[in-house]
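Chemist: next comes the sequence, and after it the predicted model I'd like to discuss.
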Amino acid sequence: MCDVSRREFLTAGAAAVAASAKAPSALAEIGRVETVAGEVYFHEGDLTGKGHCNNGWIVFEDYVLVIDANFPSGALDVIPKIQALTQKPIRFAVDTHHHGDHAYGNQVWVEKGAVPVAHTGVVEEMKRYEPGRWNDTAKTRADVKSSRLKAPSVLFPKELFFDDGKHRVELVHLGVAHTHGDSFGWLPGERVLFTGDACVNGPYNFVGDGDIEQWIKTLDAARKLGAKSVCPGHGPRGDATVLEDQQLYFKQVREKVGALVTAKKGGREIGDAVDRIRGELEANKRIARYVSAGGIRSHVEKVFTELTGQKLPVPAKKTAAERRRHAHQHGLELA
Ligand SMILES: [Zn+2]
Ligand SMILES: [Zn+2]
């Protein structure tokens, strides 16, 4: 524990007490505030139960900057935990991308006096998909139904820096990845990287709105930053190997599907090979945690489409689960 977090431990509320009860080396637990560095925090959201994403926040001299707006209920979960650590106003909430579990909470932050901030691509993606997805999601989520879609209004085309001399956060768009509007939050002083869903740590990759070939290149750029600590969009915090493993998973999927395409195998044969590919990926200890029964087929299909422009034949049981995945509610995806 560093000096700053020790001081906060002495003055803050229940959330910080819970945070300090664990050994500093322990990785985050769901719902627990973790001190990543001085005045830099990470919170793993309740994904399976509530569909929440992870959050990060940095306490600047005059304000708090939050990484990811979460769903409205996720924002309401994390706001008291921030306020237990600091009385400074929450001024900025960054949408790392346009998905509901990262951006639908914007209105909640606005009501707290904050401004939603994002890469320009987030607004472009919202124009593409909204308000259709919001309306779909509102049918199953009371928190969305009782809030409103609020687009980010401070936008940056490439990068935006927050720097008060003590803390520096660089919001950077490094290319297409999970979506066409992903940004990373890079703290060069602490070598901490907040990734949104451009990097997850577990079986949470949704590929519907992105491009896996470009995603691999974007992860190269992210790796070059030299992060010591990686705070993913879903799953626990880790070190630089999380970025490497996430990238390796996609490289392996591309390699395996690519080999079949090169061997002139058609969509039906590749569709039939999904279970074998899944087994091979699960056998690799570094990336086994990225394999999910629900996700693997969509990952294989995405690569196949990128390589050939074709779709896999629709399996007989493509149904509600696929549609939910389209709506990008990771929690349901896991069910
Ligand atoms: Zn996402
Ligand atoms: Zn997400």
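Modeler: Yep, that arrived. Residues are numbered from 1 along each chain as shown. Ligands and ions are numbered 1, 2, ... in the order given.

Chemist: CA atoms of stretch 250-267 as PDB?
Modeler: Output of stretch 250-267 as PDB, limited to C-alpha atoms (Å, rounded to 0.1, in the frame of the first residue of the first chain):
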ATOM      1  CA  PHE A 250      -7.200 -13.500 -31.800                       C
ATOM      2  CA  LYS A 251      -4.000 -14.400 -33.600                       C
ATOM      3  CA  GLN A 252      -4.700 -18.000 -33.000                       C
ATOM      4  CA  VAL A 253      -8.300 -17.800 -34.200                       C
ATOM      5  CA  ARG A 254      -7.100 -16.100 -37.300                       C
ATOM      6  CA  GLU A 255      -4.400 -18.600 -37.900                       C
ATOM      7  CA  LYS A 256      -6.700 -21.600 -37.500                       C
ATOM      8  CA  VAL A 257      -9.500 -20.200 -39.600                       C
ATOM      9  CA  GLY A 258      -6.900 -18.900 -42.100                       C
ATOM     10  CA  ALA A 259      -5.400 -22.300 -42.500                       C
ATOM     11  CA  LEU A 260      -8.800 -23.800 -43.400                       C
ATOM     12  CA  VAL A 261      -9.500 -21.000 -45.900                       C
ATOM     13  CA  THR A 262      -6.100 -21.500 -47.500                       C
ATOM     14  CA  ALA A 263      -7.000 -25.200 -47.800                       C
ATOM     15  CA  LYS A 264     -10.100 -24.100 -49.700                       C
ATOM     16  CA  LYS A 265     -12.400 -25.300 -47.000                       C
ATOM     17  CA  GLY A 266     -15.900 -23.900 -47.400                       C
ATOM     18  CA  GLY A 267     -18.200 -22.200 -44.800                       C
END
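
Chemist: in it, which residues are buried?
Modeler: By neighbour count on 16 or more other C-beta atoms under 10 Å, the buried set for stretch 250-267 is 250, 252-254, 256-257, 260-261, 265, 267. From N, CA and C alone the C-beta is placed, and that goes for glycine too.

Chemist: okay, these in CSV with pLDDT next?
Modeler: Shown next, in CSV, are the buried residues of stretch 250-267 (pLDDT from 0 to 100):
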residue, pLDDT
Phe250, 98
Gln252, 98
Val253, 98
Arg254, 98
Lys256, 97
Val257, 97
Leu260, 96
Val261, 96
Lys265, 92
Gly267, 91
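
Chemist: what is the lengthiest helix in the chain packed up against?
Modeler: What stands out as the longest helix in the chain, according to DSSP state H, is helix 241-262. Helix 241-262 is packed against helix 212-224, helix 267-272, helix 274-282, helix 293-308, with contacts defined by 3 or more C-beta pairs under 8 Å, 6 or more residues apart in numbering; DSSP states H and E.

Chemist: who touches it?
Modeler: Residues external to helix 241-262 that are found in contact with it (C-beta atoms under 8 Å, 6 or more residues apart in numbering): 193, 195, 199-201, 205, 212-213, 215-216, 219-220, 222-223, 227, 230, 232, 269-270, 273, 277, 280-281, 284, 286-287, 289-291, 299-300, 303-304, 307-308.

Chemist: can you rerun that using 7 Å?
Modeler: 199-201, 212, 215-216, 219, 222-223, 230, 232, 269-270, 273, 277, 280-281, 284, 286-287, 290, 299-300, 303-304, 307-308 (C-beta atoms under 7 Å, 6 or more residues apart in numbering).

Chemist: residues of the protein that sit close to ligand 2?
Modeler: The chain comes close to ligand 2 at residues 53, 101, 197, 233, as judged by C-beta under 5 Å from the ion.

Chemist: hang on, the last one in a strand?
Modeler: The one in question is Gly233. No: under DSSP: H, G, I helix; E, B strand; the rest coil, Gly233 falls outside any strand and is assigned coil.
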